[in-house]
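Chemist: Below is the sequence, then the predicted model.
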Amino acid sequence: MRNLKRIFLLIFFVSISLFNMNTFIQADETTPIKILFIGNSSTYYNNMPFMIEGLAKADNINCEIKTITASNYKLSQFATSGNSYNTEIMNTLAMEKWDYVVLQEHREPIMQNIEKTESALTTLKTAIDNSGAKTVLYETQADFMGRDFTINGSSIYFDHNTLQYYMNKNYYYLSGLLDCSLAPAGLYYTRCINTYPEINLYNTDMIHPSLEGSYLAACVLYQTIFNKSAFNNQFLPESDYDSNNLITSLETETAVKLQNIADAALNLTDYSIELKKGESTSINAHLKYNEENPVMNSSTDTITYSSLNDDKVGVNRKTGTITGISTGTSMVMASTDSGLMTLCTVNVIQPSIGFTITEGTLSLHRKDTHTYSMILSPEDTTDKITWTSSMPSIVSVDENGTITAKKVGVATITATTDSGIKLTRSVRVKLVTPTNVKVKKTGGTTKGKKYANIKITWKKNTNAVKYYVYRKMAGKSSYTQIATTTSAKYTDKNKKKGKKYYYKIKSIYSNTKCNSYRSKATKISVK
């Protein structure tokens, strides 16, 4: 009976454990993928981010969306500390756990001031990285009729295709530079216009997206975030998945066509490459799409490669083999006849083969500064130099090779080029040369009337452990060390009257390399 009771209790506790385990697994499976959108009207028009929620739901993915958007806003404004939207963004990242943060820039800085966009993205991405989320860049559509931009002080008009090309190029550059994913919705706008000209992707202002345009962007973003095509997705007009009636007025046939356009993706194995001048490597593009896609089945899908700056990077159009021609940054594009394209940023470097520092060992005093003179070869080397000090508390060094003596002692400065050439230089911070040296005839016992005592005093140096006293008589060519003392004074006894004497003082440190120089000569004629 007792054994039966034990068995019953064992079964009971195992059942409870299994129940709790199943409950945990189910809770984990239903944990939503949380996506935060930051952008302007190109994001919030037609509630586009929530269309991604519908696409996910149709694929049995639990997804949760939040938006922080402002009309006409630029990422530099979102990134500015003290801005109310920036405060909201930082609080949202700190207080909630996000999987993805989608950043959308305004067209103007992307075209006119990409450095400003780069700075804002760096600030925002740092906060996003620290929160544990991944950053996704959302490239928007170019204006349908094109647009004027101020480039280098001149107003230049870009038609739709040209504008979209440069937007593609700049967004791919930023995504490679900052190592984040890119959803190139604008690229798919152009493909749709060429493939399905009957579909209107633009609002009446010909700038903002229509419902169709927003649906296309949502499909592109969905594929970028979830690595899952929207092809044959059942988030369609009047479907159970459109519970918020976001796409009720969209025609089902049009939605399917937009899914077809968004289905194909041209991807690269690398989006940012560093290449030595004169060396070659290959970039590999691969095409991904559903075999049943009628848009892709009507094209040959041939991938070709091209360099956007042949002076810096050469490329084989068929194989994708790239060669560094001259130093600097360029981009290589892979494209297909169906209108797909993707770009890789290539940074061509020239390692240094020679490195010289003109100076040898330096002797300084506290608070002295000095900048090393350097020669790097060849002239077009892209190497930078990293500077370090073995004893920063004694001698500090900055990124430009400027050293500052801080206190008495010895330090080794090391300079290392990016390609590994290393040079070292020793720096001695010496004791200050004794000053205020005074001599005078003084009293005291002597060996006769023809003799006198001479007292020498000088300014005390708290870092000195002792002092050397040197003397020479007029007419002599060299000084002789006559005494060692730990105090800042010394009496030289029994000097003949009628003679002229010269004295110098030297401060001594525990490390003899840091001893001071001898002081200036101070003379006295003994009468």
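Modeler: Nice, thanks for sending it over. Everything numeric here is computed off the predicted structure, so don't read it as measured data.

Chemist: which residues in the chain form helices?
Modeler: 2-29, 41-44, 48-58, 75-78, 84-95, 107-112, 114-131, 160-178, 185-195, 211-226, 252-263, 294-297 (DSSP state H).

Chemist: Next, the angle helix 185-195 makes with the third one.
Modeler: For helix 48-58 against helix 185-195, the angle by axes from the mean of the first three to the mean of the last three CA atoms, to 10 degrees is 80 degrees.

Chemist: for helix 48-58, packing partners?
Modeler: When contacts are defined as 3 or more CB pairs under 8 Å, 6 or more residues apart in numbering; DSSP states H and E, helix 48-58 packs onto strand 33-39, strand 63-69, helix 211-226. (C-beta placed from N, C-alpha, C; glycine too.)

Chemist: Same check on the fourth one?
Modeler: Using 3+ CB pairs under 8 Å, 6+ apart as the contact criterion, the secondary-structure elements in contact with helix 75-78 are helix 84-95, helix 114-131.

Chemist: Quick check: buried residues in it?
Modeler: 75-76, 78 (16 or more other CB atoms under 10 Å).

Chemist: returning to what we had before: and the helices of the chain, which one averages the lowest pLDDT?
Modeler: Mean pLDDT per stretch puts helix 2-29 lowest among the helices of the chain, at a mean of 39.

Chemist: rewinding a little: dump the buried residues of helix 75-78 into a markdown table; add distance to Thr512 as well.
Modeler: As requested, those are exported to a markdown table (distance: CB to CB, whole Å):
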| residue | distance to Thr512 |
| --- | --- |
| Leu75 | 60 |
| Ser76 | 58 |
| Phe78 | 61 |
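
Chemist: ok, Ser393 - contacts?
Modeler: 406-407 (CB atoms under 8 Å, 6 or more residues apart in numbering).

Chemist: Equivalent analysis for the one 10 residues further on, please.
Modeler: Contacts here follow CB under 8 Å, 6+ apart; on that basis Ile403 touches 362, 364, 369-372, 389, 395-397, 413, 427.

Chemist: Taking the residues you listed, please make a PyMOL selection of just the buried ones.
Modeler: Buried subset of the contacts of Ile403, written as a PyMOL selection, criterion 16+ other CB under 10 Å:
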select buried, resi 362+364+370+372+389+395+396+397+413+427
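
Chemist: from the contacts of Ile403, which ones fall inside strands?
Modeler: Among these, the members found in strands (DSSP state E) are 362, 364, 369-371, 389, 395-397, 413, 427.

Chemist: between those residues, which is nearest Phe355?
Modeler: Phe355 has its nearest neighbour among those in Ile413, at 13.7 Å by CB to CB.

Chemist: Leaving out sequence neighbours, find the closest residue to Lys500.
Modeler: The spatial neighbour of Lys500 that comes closest, neighbours along the chain excluded (CB to CB, 6 or more residues apart in numbering), is Ala474 at 3.9 Å.

Chemist: I misspoke; the intended subject was Tyr215.
Modeler: Leu258 (5.4 Å).

Chemist: Tell me which residues of stretch 244-255 come out buried.
Modeler: 246-247, 250, 254-255.

Chemist: From those residues, pick the one nearest Asn267.
Modeler: Set against Asn267, the nearest of the buried residues of stretch 244-255 by CB to CB is Ala255 (24.6 Å).

Chemist: just checking, Ile456 touches Ile505?
Modeler: Yes - the criterion here is CB atoms under 8 Å, and Ile456 meets it with Ile505 at 7.2 Å.

Chemist: Overlap in contacts, these two.
Modeler: Shared contacts of Ile456 and Ile505, counting by CB under 8 Å, 6+ apart, come down to 437, 469.

Chemist: Quick one: residues contacting the nearest residue to His286 once chain neighbours are set aside.
Modeler: Closest residue to His286 apart from its sequence neighbours, by CB to CB, 6+ apart: Asn267 at 5.8 Å. Residues near Asn267 by CB under 8 Å, 6+ apart: 285-286, 288, 342.

Chemist: What is the lowest-pLDDT residue among the residues you listed?
Modeler: Ranked by pLDDT, the contacts of Asn267 bottom out at Lys288, which has 89.

Chemist: What separation do you get for Thr388 and Leu423?
Modeler: Computed as CB to CB, to the nearest Å, the Thr388 to Leu423 distance reads 12 Å.

Chemist: Just give the closest residue to Ile421, not the sequence neighbours.
Modeler: Among residues not flanking Ile421 along the chain, Phe355 sits closest, at 4.3 Å (CB to CB, 6+ apart).

Chemist: let me redo that: Gly146
Modeler: Closest to Gly146 by CB to CB, 6+ apart is Asp159, at 4.1 Å.

Chemist: ok, now Ile303?
Modeler: Spatially, and ignoring its direct neighbours in sequence, Ile303 is nearest to Ala285 (5.1 Å; CB to CB, 6+ apart).

Chemist: So what pairs up with that neighbour in the strands?
Modeler: Leu268 (DSSP bridges).

Chemist: for Asn290, what are its contacts?
Modeler: 229, 231-232, 263, 296 are the contacts of Asn290 under CB under 8 Å, 6+ apart.

Chemist: out of those, which are buried?
Modeler: Neighbour counting with 16+ other CB under 10 Å marks 229, 231, 263, 296 as buried within the contacts of Asn290.

Chemist: do you know how far the residue nearest to the second one when sequence neighbours are not counted is from Glu139?
Modeler: Nearest residue to Phe231, sequence neighbours excluded (CB to CB, 6+ apart): Asp263, at 4.0 Å. Summarising the geometry, the distance separating Asp263 from Glu139, computed by CB to CB, is 18 Å.

Chemist: can you check Gly448 too?
Modeler: As judged by CB to CB, Gly448 and Glu139 stand 102 Å apart.

Chemist: quick one, which of the two is more surrounded?
Modeler: Neighbour totals were compared for Gly448 and Glu139, and Glu139 leads with 27 against 8 (other CB atoms under 10 Å).

Chemist: I figured that one hits Tyr188, correct?
Modeler: No - contact criterion CB under 8 Å: Glu139 and Tyr188 do not qualify, at 9.5 Å.

Chemist: so what's the closest residue in space to Phe149 that isn't next to it in sequence up against?
Modeler: Using CB to CB, 6+ apart and skipping the chain neighbours, the partner closest in space to Phe149 is Met111 (4.7 Å). If a contact means CB under 8 Å, 6+ apart, then Met111 has 149, 151, 158, 163, 166-167, 170 as its contacts.

Chemist: Tell me which two in those residues are the farthest apart.
Modeler: Greatest spatial distance in these: Ile151 and Met167, 13.5 Å, computed using CB to CB.

Chemist: Those two: which is more packed in?
Modeler: With neighbours defined as other CB under 10 Å, Ile151 and Met167 compare such that Met167 has more, 22 against 13.
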